[in-house]
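# sequence below, structure please.
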Amino acid sequence: MTGDTGADEEMLVELAQRLLTYLHPEGPMSVQLLLGRLPNSLALEVPLPQDARLLGSALHSQRGRPTQMQALFDAWRDPQEVVAAYERQLAVSGWNPFAGFGGMHGGFVHGGLGMGRSFGAATLVLC
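Prediction:
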């Protein structure tokens, strides 16, 4: 730690991003961590859960192309109540439950996503 709060935060983000970057048979995987916000490059409007705090997000990329976005929220209500309310809010905004494939489980994908869009999937994780 440097004693400079801003520099310490930058080092922490750099450390986490480098720890989460790994080689993959189809090309290197990397992650960009964003504190308190969603990626600026997000081509879709992602509704934020009502009465929740956006902790931050992670933009996963392969060969420089975004492949997945995760967003972490804190909410101060019963978890099942928060998830149910957010599922309804996402559905109204055009998002559908994501059945998953391979190692991915759960989350939501926007109904308008398809080839040529910025993201193959936008996974929203409630914590």
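
# now the strands for this protein?
29-35, 52-62, 65-75, 95-97, 108-110, 122-126 (DSSP state E).

# next, name the residue at the spatial heart of this protein.
residue 70 (1.4 Å; CA atoms, centre = their mean).

# so what's the residue count around the residue nearest to that one when sequence neighbours are not counted?
Of all residues not flanking residue 70 in the chain, residue 58 sits nearest, at 4.6 Å (CB to CB, 6 or more residues apart in numbering). C-beta coordinates here come from the backbone N, C-alpha and C atoms, glycine included. Using other CB atoms under 10 Å, residue 58 has 19 neighbouring residues.

# I figured residue 58 was touching residue 39, is that so?
No. Judged on CB atoms under 8 Å, residue 58 makes no contact with residue 39 at a distance of 9.0 Å.

# quickly list what's touching both of those two.
32, 69 (CB atoms under 8 Å, 6 or more residues apart in numbering).

# coming back round to it: which residues touch the residue nearest to residue 70?
Residue 58 sits next to 20, 31, 32, 33, 34, 69, 70 when contact means CB under 8 Å, 6+ apart.

# tell me, how many residues neighbour the closest residue to residue 35 other than its chain neighbours?
Once flanking residues are discounted, residue 35 sits nearest to residue 56: 4.6 Å by CB to CB, 6+ apart. Burial of residue 56 is recorded as 15 neighbouring residues (other CB under 10 Å).

# isn't residue 56 right up against residue 36?
Yes. Between residue 56 and residue 36 there is a contact under CB under 8 Å: 5.6 Å.

# beta partners of the residue nearest to the centre of the chain?
Residues in a beta bridge with residue 70, per DSSP bridges, are residue 58, residue 123.
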